[in-house]
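Peer 1: Quick one, structure for this:
(one chain, ligands or ions: 1)
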Amino acid sequence: MNYKNLQDLIRDVPDFPQEGISYKDITTLLKDPTGLKEAIGAMLKPFEGVGVELVVGIESRGFILATPMAIELGCGFIPVRKPGKLPAETLRLDYDLEYGTDAVEIHADAIEPGQKILVVDDVLATGGTLAATCRLVEKLGGEIVGISVLAELGFLQGRNLLSGYKLESTIVY
Ligand code: AMP
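Peer 2: Next up is the predicted model:
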């Protein structure tokens, strides 16, 4: 399967969750056994052999992709979640959305200083969520070796918020 075929497995849902948004629905890719395997392999490829020690996945679709990547790399998985979901002591970071603000949290003891971290999410849109996640990881002393996303909405230029990181997107719209 090539990346064009992977892209064909992602369903565009117009006007979800609000008018004017073309939502990239990856559930149609996830249910396809070949598509799922190829997507995980493609997201991993640029980060093989770079010594990743932990994979950080962003709630909630980032979890689905990050966990098999962590298993494949032989390392552990760390969740970054929306506020109020993680049970132990957390570190929180608020960030701006187009309208309003949002926040992400990580367990305060999730990362040891100097650990090599790969950050994973499904879709890079404006980049706010990934940028906030990277700041959380770095506040804990983690060293970000890269960011891997399945799909990048290139026209939103979210990549600009993430300059300085090795950012790899399997599919670019
Ligand atoms: P952002 O912070 O704008 O980069 O948004 C990233 C988060 O929102 C990711 O976790 C995505 O899952 C989700 N997201 C944003 N836009 C879309 C979209 N058009 N289709 C699917 N998911 C999206």
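Peer 1: so who does the residue nearest to residue 22 when sequence neighbours are not counted touch?
Peer 2: Nearest non-adjacent residue to residue 22, counting by CB to CB, 6 or more residues apart in numbering: residue 12, 5.3 Å away. In this view, the C-beta of every residue, glycine as well, is placed from N, C-alpha and C. Taking CB atoms under 8 Å, 6 or more residues apart in numbering, we find residue 12 in contact with 22, 23, 24, 25.
Peer 1: Report whether the helix or strand where residue 12 lies contacts the ligand.
Peer 2: Applying DSSP states H and E as the criterion places residue 12 in strand 11-14. No - Strand 11-14 does not reach the ligand (CB under 6 Å from any ligand atom); its nearest approach is 8.1 Å.
Peer 1: Could you list the residues in contact with the following helix or strand past that strand?
Peer 2: As assigned by DSSP H and E, the chain's next helix or strand after strand 11-14 is strand 22-25. Strand 22-25 is contacted from outside by 10, 11, 12, 13, 14, 16, 17, 122, 123, 151, 153, 173, using CB under 8 Å, 6+ apart.
Peer 1: So which of these is the closest to the ligand?
Peer 2: The ligand lies nearest to residue 123 out of the contacts of strand 22-25, by CB to the nearest ligand atom, at 3.9 Å.
Peer 1: Tell me, how many residues neighbour that closest one?
Peer 2: 23 (other CB atoms under 10 Å).
Peer 1: Roughly how far does it sit from residue 53?
Peer 2: Counting by CB to CB, to the nearest Å, the separation of residue 123 from residue 53 is 25 Å.
Peer 1: Show me what from the protein comes close to the ligand.
Peer 2: Contact residues, the chain versus the ligand (CB under 6 Å from any ligand atom): 21-24, 58, 61, 121-129, 158.
Peer 1: Appreciated, that's everything.
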